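1. Have a look at this prediction, sequence included:
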Amino acid sequence: MGIEDKAENKAQDASGTAKEKVGEAVGNDDLKNEGKADQISSAVKDGAEKVKDAARNLGDKFTK
């Protein structure tokens, strides 16, 4: 996983958490749900990057 991808995923997760908290504080369910969606999207992308890394590492083992 590239450093840029990790940073982008962390930023999206943090932004989602902030949106969720602000949405809760002001009673805006749309903002709260948007924040949750951002966090889920970040987690999915992070998981996909981990799968790619694992596949790359496995491929490296077979080529050595």
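-> Ah, there it is.
2. Report the central residue of the protein.
-> residue 42 (1.8 Å; C-alpha atoms, centre = their mean).
3. Would you mind confirming that it makes contact with residue 19?
-> No. Assessed by C-beta atoms under 8 Å, residue 42 is found out of contact with residue 19, at 11.9 Å. Using the backbone N, CA and C atoms, a C-beta is placed for each residue, glycine as well.
4. follow-up on the earlier one: average model confidence for the helix or strand hosting the residue nearest to the centre of the chain?
-> Element membership for residue 42 (DSSP states H and E) is helix 29-63. Averaged across helix 29-63, the pLDDT comes to 91.
5. Quick check: buried residues in it?
-> Within helix 29-63, the residues that qualify as buried are 31, 32, 34, 35, 38, 39, 42, 45, 46, counting by 16 or more other C-beta atoms under 10 Å.
6. now the residues you listed in JSON lines, with distance to residue 3?
-> Listed next are the buried residues of helix 29-63 as JSON lines, based on distance: C-beta to C-beta, whole Å:
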{"residue": "31", "distance to residue 3": "30"}
{"residue": "32", "distance to residue 3": "30"}
{"residue": "34", "distance to residue 3": "27"}
{"residue": "35", "distance to residue 3": "25"}
{"residue": "38", "distance to residue 3": "20"}
{"residue": "39", "distance to residue 3": "21"}
{"residue": "42", "distance to residue 3": "16"}
{"residue": "45", "distance to residue 3": "14"}
{"residue": "46", "distance to residue 3": "13"}
